[in-house]
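1. okay, here's the prediction I keep looking at, along with the sequence it came from:
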Amino acid sequence: MAMITTTGRRKMTTIRRNPATLLLLIALAVLHPVPCRTGSIPGPIKTVVVLVMENRSFDHMLGWMKRINPEIDGVTGAESNRLKATDPSSPRFFFNNTSQYVDADPGHSFQAIREQIFGSEDVSAFPAPMNGFVQQAYSMTNSTAMPTEVMNGFEPESVPVYQALVSEFAVFDRWFASVPASTQPNRLYVHSATSHGATSNIPALLIEGYPQRTIFDCLDEEGLSFGIYYQNIPATMFYKSLRKLRFATKFRPYDLRFKADARAGRLPNYVVVEQRYMDSKALPANDDHPSHDVYQGQLLVKEVYEALRSSPQWNETLLLITYDEHGGFYDHVPTPVRDVPSPDGIVGPEPFFFKFDRLGVRVPTIAISPWIEKAT
């Protein structure tokens, strides 16, 4: 895979790693207009581009990047889980560095994640022990194949686009999934800071559409532009408010419009890039969801970055790459399980009645802009 160009840096303040959990906060802070509501933006960043990949933990994708930047809270290979979380005589699985094509799709339901984080149904442990990943993976197949995949990560050379971006820009090593649950609850959080009580993917509710206020509503009211560049079904359509007829032109075919708009300097203030979530031989999925090939995801990230890098808007752009949730893969950093405020007081459905008072597992997040200090 050809390497990417990372020149063209500007100096300002450094964006450093911090315990951010919502890219919504970054976008609102960066794009917040002056009070006159003319749509003008006082800061240097005029365009925020958001790319949310699928179902990989920080340690799985970026843990071994510690070798190229020791400040990253990554892995050493000493990290482990036992086959039975509470049995000190149980076989131990150490974290490895041999991930390539991951065929398995580890557990990432609400109950599976609870077991991965706490090793049992008891969620009182503090800090979170992060000791149930192997146990939960083994329970799915009664073999050691999936636990081995779960306790494995990519060498920097195996994800060369991330290797280049990590070397040049900013890594967040305290960015956690918003909900200890599956894809759609976390994707709902991305642009609205709530899942409106969802803790699983319920097709009927997704079809009906979720009613909460979104960042798109805020941008529209403030006179700022947004665009959603989609490759097949856009997940942002699960927000009911985006189904309004007046927002129809905000949905733009990625292949036809993204590079053209970037080249012409016509990207809106807030850009969402949606991947191919569906896999076929002709058009392989590029969202990184197992068992989809991360090579395709690397190609997408490279394409998005290079389109922005060559755009006349580059010096006013922030690209944020993150993941919706960890997909069942191991991460060693304890998930925040205390002092997490509920966004709206809504309690999740039975049987768990989740109060949205703890976060999910840590996920990879990279911020890219000419205004970011190198390797932060």
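-> Noted; the coordinates are in hand.

2. and the residue nearest the centre of the chain, what is it in contact with?
-> Ranked by distance to the mean C-alpha position of the chain (CA atoms, centre = their mean), the top residue is Tyr323 at 1.6 Å. Under the criterion of CB atoms under 8 Å, 6 or more residues apart in numbering, the neighbours of Tyr323 are 52-56, 61, 177, 288, 363-365. From N, CA and C alone the C-beta is placed, and that goes for glycine too.

3. surely Phe247 meets Phe216?
-> Yes. Contact between Phe247 and Phe216 holds when scored by CB atoms under 8 Å: they sit 7.3 Å apart.

4. more neighbours: which of these two?
-> Phe216 (22 against 17; other CB atoms under 10 Å).

5. just give me how far the helix or strand harbouring the more buried one sits from the chain centre.
-> Assigned by DSSP states H and E, Phe216 belongs to helix 215-221. In terms of CA atoms, centre = their mean, to the nearest Å, the gap separating the centre of helix 215-221 from the centre of its chain is 22 Å.

6. with stretch 117-124 instead?
-> The chain centre lies 24 Å from the centre of stretch 117-124; the measure is CA atoms, centre = their mean.

7. show me where pLDDT drops low in the stretch 51-200 of the chain?
-> Low-confidence regions of the stretch 51-200 of the chain, defined here as pLDDT under 70, do not occur.

8. those helices in it, which residues are they?
-> With DSSP state H, counting those that start in this stretch applied, the stretch 51-200 of the chain shows helices at 58-62, 110-118, 133-141, 145-150, 160-168, 183-192, listed in chain order.

9. sorry, back to before: give me the common contacts of Phe247 and Phe216.
-> Shared contacts of Phe247 and Phe216 (CB under 8 Å, 6+ apart): Ser241.

10. give me the pLDDT for Glu221.
-> You'll see Glu221 listed with a pLDDT of 96.

11. quick one: it and Asp293, what's the gap?
-> Counting by CB to CB, to the nearest Å, the gap between Glu221 and Asp293 amounts to 41 Å.

12. of the two, which one has the most company?
-> More neighbours sit around Asp293 than around the other of Glu221 and Asp293, counting by other CB under 10 Å; the figures are 17 against 10.

13. any figure for the gap between the residue lying closest to that one once chain neighbours are set aside and Ser291?
-> Among residues not flanking Asp293 along the chain, Tyr101 sits closest, at 5.9 Å (CB to CB, 6 or more residues apart in numbering). In this structure, Tyr101 lies at 8 Å from Ser291, with CB to CB as the measure.

14. swap in Val123?
-> Here the criterion is CB to CB. By it, Val123 lies 30 Å from Ser291.

15. so where's the stretch 251-376 of the chain shaky on pLDDT?
-> For the stretch 251-376 of the chain, no stretch has pLDDT under 70.

16. all strands of it, in order?
-> Assignment of strands within the stretch 251-376 of the chain using DSSP state E, counting those that start in this stretch yields the ranges 251-253, 270-273, 317-323, 366-368.

17. contacts for the last one?
-> By that I understand strand 366-368. Strand 366-368 is touched from outside by 15, 26, 162, 165-166, 168-172, 305, 308, 318-322, with contacts defined as CB under 8 Å, 6+ apart.

18. ok, that strand: who's next to it in the sheet?
-> Based on DSSP bridges, the strands next to strand 366-368 in the sheet, each with its direction, are strand 170-171 (antiparallel), strand 317-323 (antiparallel).

19. looking at the ones you listed, which is closest to Phe154?
-> Across these, the minimum distance to Phe154, taken as CB to CB, is reached by strand 317-323, at 13.3 Å.

20. export that closest one as CSV, just CAs?
-> These are the backbone C-alpha positions of strand 317-323, laid out as CSV (Å, rounded to 0.1, in the frame of the first residue of the first chain):
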residue,chain,number,x,y,z
THR,A,317,-9.9,21.3,8.4
LEU,A,318,-10.0,18.8,11.2
LEU,A,319,-10.4,15.1,10.4
LEU,A,320,-11.5,12.8,13.3
ILE,A,321,-11.2,9.1,12.8
THR,A,322,-12.8,6.9,15.6
TYR,A,323,-14.7,3.7,16.1
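
21. now stretch 213-224 - C-alpha only, CSV.
-> Extracted in CSV, the C-alpha atoms of stretch 213-224 (Å, rounded to 0.1, in the frame of the first residue of the first chain):
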residue,chain,number,x,y,z
ARG,A,213,-32.1,16.5,18.8
THR,A,214,-28.8,16.1,16.8
ILE,A,215,-25.8,18.2,15.9
PHE,A,216,-27.3,18.5,12.4
ASP,A,217,-30.3,20.4,13.9
CYS,A,218,-27.9,22.7,15.8
LEU,A,219,-25.8,23.4,12.7
ASP,A,220,-28.8,24.1,10.6
GLU,A,221,-30.2,26.6,13.2
GLU,A,222,-26.9,28.4,13.4
GLY,A,223,-26.6,28.8,9.7
LEU,A,224,-23.7,26.3,9.3
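
22. how long is stretch 164-179 end to end?
-> From the first residue to the last, stretch 164-179 extends over 29 Å; the measure is CA to CA, to the nearest Å.

23. now it: buried residues?
-> Within stretch 164-179, the residues that count as buried by 16 or more other CB atoms under 10 Å are 164-166, 168-173, 175-179.

24. quick revisit: gap between the residue nearest to Asp293 and Asp339?
-> Shown here: Tyr101 relative to Asp339, a distance of 39 Å by CB to CB.

25. what about these two, which has more around it?
-> Neighbours around Tyr101 and Asp339, counted as other CB under 10 Å, are more numerous at Tyr101. The numbers are 10 against 7.

26. spit out the contact partners of the more buried one.
-> Taking CB under 8 Å, 6+ apart as the definition of contact, the neighbours of Tyr101 are 291, 293-294.

27. out of those residues, which are inside helices?
-> The members of those that map onto helices under DSSP state H are Val294.
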